[in-house]
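Quick one: sequence plus predicted model below, questions after.
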Amino acid sequence: MAGPVLGQSLEQPPPLLLPPLSMDLLQAHIKVENDDDVQFVSISHKEIEKDGPAMKVKKSAKGRKPRYDGSLVQLTRRFMELVKNAPDGVLDLNEVSRTLGVRKRRVYDITNVLDGIHLIQKRSKNLIEWVGSDIKQISKQTPAQQTLRDELCDLTAMEEALDELIKDCAHQLFDLTDNKENAQLAYVTYQDIHSIQTFQEQIVIAVKAPEETKMEIPAPKDDCIEVRIRSTKGPIDVYLCEVPLNNPNADALKNTDNLSCQSK
């Protein structure tokens, strides 16, 4: 078998070229599931250039609409606008389909629901009539409704403010009772009680009891108020304080009675 001769160049095989496409325009149809619209994507090609890369593909999208335009919620809102402006609430579904730019089956999705809850009735195959409440009054907010909304907002703000005050008071009360240094000052004097204007010319009962004392006040009956105090950790001292209005600074020893109750 003869080998290659020295000095003789080997010929390279010609490069493989893709054959020209017989179609000048490729067109694909892509369905958009959320819309009735169909997105058309046109794909064109140019002849393969010599000494160039493979092929150039150009894509273009046509006729695509935003998804929210075809959503059922938006279509229902636009449908209700047509009902509101329709004479006597009568609509031609063919005209509705053309106005909304959707297929009739999408319009039927809306009318079937409204018919099921007795808001519309079919007068013929393509005519429906609104039989619900006055739609113009429904879509329009009355002054009374706005007033109620404003009151609700004010009450909500007031509730939040009260919650903050309650939280702050609870925090201060916890600091006051949990602090051991404040425990030595956890008492009131006779003058402190009777310096309160609300207690003037009234009988004030002060109770001194150990920890975990339980006090119950049942509902009053026949102008009688009953107070039940129970303790298991020591005696309960009850002080009856009364002072005339013209002598608020009288000595506590002269104007108070002490009642001692044994623990149970």
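Structure received. All values derive from a computational prediction rather than experimental measurement.

okay, residue 230: pLDDT?
For residue 230, the model assigns a pLDDT of 91.

Make sure it is actually in contact with residue 214.
Yes. Contact criterion C-beta atoms under 8 Å: residue 230 and residue 214 qualify, at 4.8 Å. Where you see a C-beta, it was placed from the backbone N, CA and C, and this is true even at glycine.

Between the two, which has more neighbouring residues?
residue 230 (14 against 10; other C-beta atoms under 10 Å).

Quick one: residues contacting that one.
Residues near residue 230 by C-beta atoms under 8 Å, 6 or more residues apart in numbering: 213-216, 264.

need these in a markdown table with distance to residue 86, secondary structure and pLDDT, can you?
A markdown table is the format used below for these (distance: C-beta to C-beta, whole Å; DSSP: H, G, I helix; E, B strand; the rest coil; pLDDT from 0 to 100):
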| residue | distance to residue 86 | secondary structure | pLDDT |
| --- | --- | --- | --- |
| 213 | 75 | coil | 91 |
| 214 | 71 | strand | 91 |
| 215 | 70 | strand | 89 |
| 216 | 69 | strand | 91 |
| 264 | 81 | coil | 45 |
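
Filter those down to the buried ones, PyMOL style.
Per 16 or more other C-beta atoms under 10 Å, the buried members of those correspond to this PyMOL selection:
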select buried, resi 213
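
of all the contacts of residue 230, which comes closest to residue 112?
Of all these, residue 216 has the smallest distance to residue 112: 63.0 Å, by C-beta to C-beta.

quick one: contacts for the residue nearest to that closest one when sequence neighbours are not counted?
In this structure, residue 216 finds its nearest non-sequential neighbour in residue 228, 4.3 Å apart by C-beta to C-beta, 6 or more residues apart in numbering. Residues near residue 228 by C-beta under 8 Å, 6+ apart: 215-218.

Residue 225 too?
Residue 225 sits in contact with residue 217, where contact means C-beta under 8 Å, 6+ apart.

Okay then, goodbye and thanks.
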